[in-house]
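Engineer: quick one, structure for this:
(one chain, ligands or ions: 1)
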Amino acid sequence: MKLYEFGPTRSLRVRWTLQELDIPFEAITVNMLKGEHLQPAFLKINPAGKLPALVDGDLVLTESMAIVIYLAEKYADKGFIPADVKQRAEFFKWIMFTATELEQPLWRIARNTNLYPAEKRQPTDVEMAAEDFRPTAEVLDEHLAGRKFVAGDGATVADFALAYTLDWANEALLLGDFPRLQTYMTRMYARPAAPMRIATAFAAAMR
Ligand SMILES: N[C@@H](CCC(=O)N[C@@H](CS)C(=O)NCC(=O)O)C(=O)O
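Structural biologist: This is a model prediction of the structure:
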């Protein structure tokens, strides 16, 4: 199994899952700072030029959430996807919530602060995205009251993906009013198989 990854990117969701599963994998760094994600060698794997990508035999899979779900299902005996159909529905709900609700304002902020060419960045969209993040975080915050894991009774890949996304929010200075989300995230990152925090991975990538 090969993981195409780069430092602090969403590839950390997949690295986290592979490390929790404790299965061997080959890590291939695609240096985005050098534009390697847009070179023909990588575009053959993901024509969209985006990370992460997983290659497992003849399966080439992109989209971080699809990859972590695939891995959880392939190694279902490890328990990182609920077996019970109702708990699994909750699990899908929180994975979708993470990808579409929680992440979306963070992506808008990242694009308008770092990724778009300077002249195209919209400072007002950064403000609006931060405003949009708050009610979404409140919903999650309420859900996590009295819970250790986001879905079901044990850790699932939804927790790994969510904790990474909360670390991203933390980097965007959006978690200050959400101590419960901070506590949950820190607890997840204290797991022995957790990957580097985003800031550490970023610093390492810059070296
Ligand atoms: N929805 C995709 C997003 C993938 C994505 O945008 N990855 C970023 C890094 S976190 C990327 O490769 N960006 C390169 C670009 O947009 O040119 C996923 O979750 O895998």
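Engineer: as a quick check, tell me the outermost residue of the protein.
Structural biologist: For the chain, the C-alpha lying farthest from the average C-alpha position belongs to E119; by Cα atoms, centre = their mean, that distance is 28.3 Å.
Engineer: just the pLDDT at that one, thanks.
Structural biologist: We note a pLDDT of 97 for E119 in this prediction.
Engineer: now it: how far from E127?
Structural biologist: Here the criterion is Cβ to Cβ, to the nearest Å. By it, E119 lies 19 Å from E127. (Glycine included, C-beta is placed from N, CA and C.)
Engineer: repeat that for R197.
Structural biologist: Counting by Cβ to Cβ - R197 and E127 are separated by 26 Å.
Engineer: ok, K2 next?
Structural biologist: Here the distance between K2 and E127 works out to 40 Å (Cβ to Cβ).
Engineer: about what we covered before: compare R197 and E127 (neighbour count), which wins?
Structural biologist: Here R197 and E127 are compared on neighbour count by other Cβ atoms under 10 Å; more neighbours surround R197, at 19 against 12.
Engineer: and the lowest-mean-pLDDT helix or strand in the chain, how far out from the chain middle?
Structural biologist: Comparing every helix and strand of the chain by mean pLDDT, DSSP states H and E singles out helix 198-206 as the least confident one, with a mean of 94. On the basis of Cα atoms, centre = their mean, to the nearest Å, helix 198-206 is displaced by 15 Å from the centre of the chain it belongs to.
Engineer: same question, stretch 2-14
Structural biologist: Taking Cα atoms, centre = their mean, one finds stretch 2-14 lying 9 Å from the centre of the chain it belongs to.
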